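Peer 1: just a sequence and a predicted model for now, questions to come.
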Amino acid sequence: MSDAQIAQRALRCLDLTDLTDTCTDQAIDALCKKALDPRGPVAAVCVWPQFVKRAQENLKGSPVRIATVVNFPAGGEEVDRVTDDVQEALSDGANEIDLVLPYGAVRRGDLTIATEMVEAVRDLVDQGRLLKVILETGELKDAQLIETASRLSIEAGADFIKTSTGKTPVSATPEAAEIMLNTIKASGRNVGLKPSGGIRTVADAKIYLDIADRIMGPGWATPRTFRIGASSVYDTLVAAIEGRAGDAATGAY
C-alpha cells in the first residue's frame, strides 16, 4: 500500500482533535472546516464539552460525528459528577463520549469504582452514540494493568477503548495497542481501538493500522472500529494524499 493510500485510510479514521487550553470558537470553526475536506471527511471531531454546540452548528447535515471528553484528563472517581457532565454533553449534541477511566483506582486495584463509572456512563450513551473509554496506558505502564483496564472497560460496555488523553508524558504506544487489540479479540465483542496522542506522521499511523490488520484481520480497521486521535497529523496526511512530502507535524496531540 502506498503512502497516499495509507494516508487516505488514516484520514477517514481520524478523530480530528482540539483539546488545547487556549481553544476558541474560531479554532472550532477552522477544525470543522478541515473535518469536512473532500479528501476525507474525517470520522469525528473531538472537542471540549463547551464547544459541542458550536461544532454541531458547523457540521450540521454532514456525516462527521462530534466527540467530547469527560472526566478529562485526570480520571477522577466521582461518578455522579461525571454522569451529570455526560448528560449535558449529550443534550448539547455530542454523538460520542470519550470517558477517562479512573486509572488511579485501577492502579490501586480498586476495580469497582472504575466499573461503576463505565457502566453509569454506558447507561446514558445510547441511540447509536458511542462510548470510548480512555485507559491512559502511559500511566498504567504495566502490561497486566493495561489488559485489566481493557477487559474491565469492554465488559462494562465500552464501544471503543482508547490509549491516552494526550496530556501525559507517554501517549499511545504500539505495545499498548497490541495488548488492547488482543484483549478485544479475546472478548469476542465488537469493540474498537483508538490510539491517541503522539501520532504525527504517516509512518506513525501505519504502525497502528498494521497492528490492527495483523491481530484483527485486514479490513477490520474502518471508522466503525478504528480511530486515530490526533490534531497535528492532519496536514501531513493531506500532503501524502496529494503526493507532497509533508513536514512531520508537531504538537502533543
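Peer 2: Everything's here; your move.
Peer 1: separation between Thr236 and Ala7?
Peer 2: As judged by C-beta to C-beta, to the nearest Å, Thr236 and Ala7 stand 8 Å apart. To be clear about C-beta, it is placed using only N, CA and C from the backbone, and glycine gets the same treatment.
Peer 1: now Val79
Peer 2: Taking C-beta to C-beta, one finds Val79 at 40 Å from Ala7.
Peer 1: shared neighbours, Thr236 and Ala7?
Peer 2: Both Thr236 and Ala7 are in contact with Val202, where contact means C-beta atoms under 8 Å, 6 or more residues apart in numbering.
Peer 1: of Val79 and Ala7, who's got more company?
Peer 2: Ala7 (25 against 17; other C-beta atoms under 10 Å).
Peer 1: now do the helix or strand in which the more buried one is found: everything it contacts.
Peer 2: Using DSSP states H and E, Ala7 falls within helix 3-12. Applying C-beta under 8 Å, 6+ apart, the contact partners of helix 3-12 are 1, 39-43, 202, 205-206, 209, 221-223, 228, 233-234, 236-238, 240-243.
Peer 1: cutoff 7 Å now
Peer 2: 39-40, 42-43, 202, 205-206, 209, 223, 228, 237, 240-241, 243 (C-beta atoms under 7 Å, 6 or more residues apart in numbering).
Peer 1: can you name the next helix or strand after that helix?
Peer 2: Scanning onward from helix 3-12 (DSSP H and E), the first element met is strand 14-18.
Peer 1: check which helices and strands that next one is in contact with.
Peer 2: helix 25-35, strand 44-47, strand 228-230 (3 or more C-beta pairs under 7 Å, 6 or more residues apart in numbering; DSSP states H and E).
Peer 1: output those as a markdown table; include the columns distance to Lys53, mean neighbour count and mean pLDDT.
Peer 2: Below are these laid out as a markdown table (distance: least, C-beta to C-beta, whole Å; neighbours: other C-beta atoms under 10 Å; pLDDT from 0 to 100):
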| stretch | distance to Lys53 | mean neighbour count | mean pLDDT |
| --- | --- | --- | --- |
| helix 25-35 | 10 | 17 | 98 |
| strand 44-47 | 10 | 28 | 98 |
| strand 228-230 | 21 | 29 | 97 |
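Peer 1: turn the ones you listed into TSV, including distance to Gly192.
Peer 2: Output for these, formatted as TSV (distance: least, C-beta to C-beta, whole Å):
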stretch	distance to Gly192
helix 25-35	19
strand 44-47	12
strand 228-230	11
